[in-house]
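Novice: Build the 3D model from these lines:
(one chain, ligands or ions: 1)
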Amino acid sequence: MSDTIETDKVVHLHYVLTDGEGKELDRSHGDEPLTYLHGHGNIVPGLEEALVGKKVGDELSVVVPPEKAYGARDGKQQKVPRSAFSAGADLRVGMQVMSRDEQGRQFPMWIAKLQGATVVLDANHPLAGVTLHFSVKVDGMRDATEDEKKHGHAHGRDGHGHHH
Ligand code: ZN
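Specialist: Here you go, the predicted structure:
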């Protein structure tokens, strides 16, 4: 049993994410670290790569280019009528909605603009095209349970968390 980060370790991280101009985009919440299963694509690839071989207590700064994060922006936008959403829906810019292609497959889009009766959807993740600057501290780790390996994600800090 190794004590460095590798595939099938459940890792607990404290992190702050900024856009490189000092604007904070996200962070782990207070004393609650982010818990994820390593090696299963649950965090952006560039951060996952940088964490391989790290130990509990390690602190690192990682700069992740868009191609190892949320990809480049491709400018694909789509206008849909407001009436395509349920009347009471609280639509906000940046909100993720599910769209469907011709084969009926669902895929995520994000609300880019609200223009009266028109909603502009963007196929790009809001962080597409952004170079991510992570400041990370490894707070803890454990081996994944068989269930977690099967599911491809962590079940909470202790491995017995509920999920949907
Ligand atoms: Zn699960």
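
Novice: Looking at this protein, which residue is nearest the ion?
Specialist: Of all residues in the chain, residue 151 sits closest to the ion, at 3.2 Å by CB to the ion. Any C-beta I mention is one placed from the backbone N, CA and C, and that applies to glycine too.

Novice: The helix or strand containing residue 36 pairs with which strands, parallel or anti?
Specialist: Assigned by DSSP states H and E, residue 36 belongs to strand 34-37. Strand pairing for strand 34-37, using DSSP bridges, gives strand 9-18 (antiparallel).

Novice: The helix or strand of the chain with the lowest mean pLDDT: partners in the sheet, and parallel or antiparallel?
Specialist: None of the helices or strands of the chain scores lower by mean pLDDT, DSSP states H and E than strand 96-100, at a mean of 88. Strand pairing for strand 96-100, determined by DSSP bridges: strand 106-115 (antiparallel).

Novice: Could you identify the helix or strand that succeeds the strand it pairs with?
Specialist: strand 118-122.

Novice: Mind giving me the packing neighbours of whichever helix or strand comes after that next one?
Specialist: Sequence-wise, the next helix or strand downstream of strand 118-122 (DSSP H and E) is strand 132-143. If you count contacts as 3 or more CB pairs under 8 Å, 6 or more residues apart in numbering; DSSP states H and E, strand 132-143 packs onto strand 9-18, helix 45-51, strand 59-64.

Novice: that older thread, the least confident helix or strand of the chain: how far from the chain's middle?
Specialist: Put simply, strand 96-100 sits 16 Å off its chain's centre (CA atoms, centre = their mean, to the nearest Å).

Novice: just to revisit the earlier point, which residues does the strand holding residue 36 contact?
Specialist: For strand 34-37, the surrounding residues in contact (CB atoms under 8 Å, 6 or more residues apart in numbering) are 8-15, 28, 42-43, 144, 148-149, 152-154, 156-157.

Novice: With stretch 150-162 instead?
Specialist: Against stretch 150-162 from outside (CB under 8 Å, 6+ apart): 10, 12, 33, 35-37, 40-42, 140, 142, 144-145, 147-148, 163.
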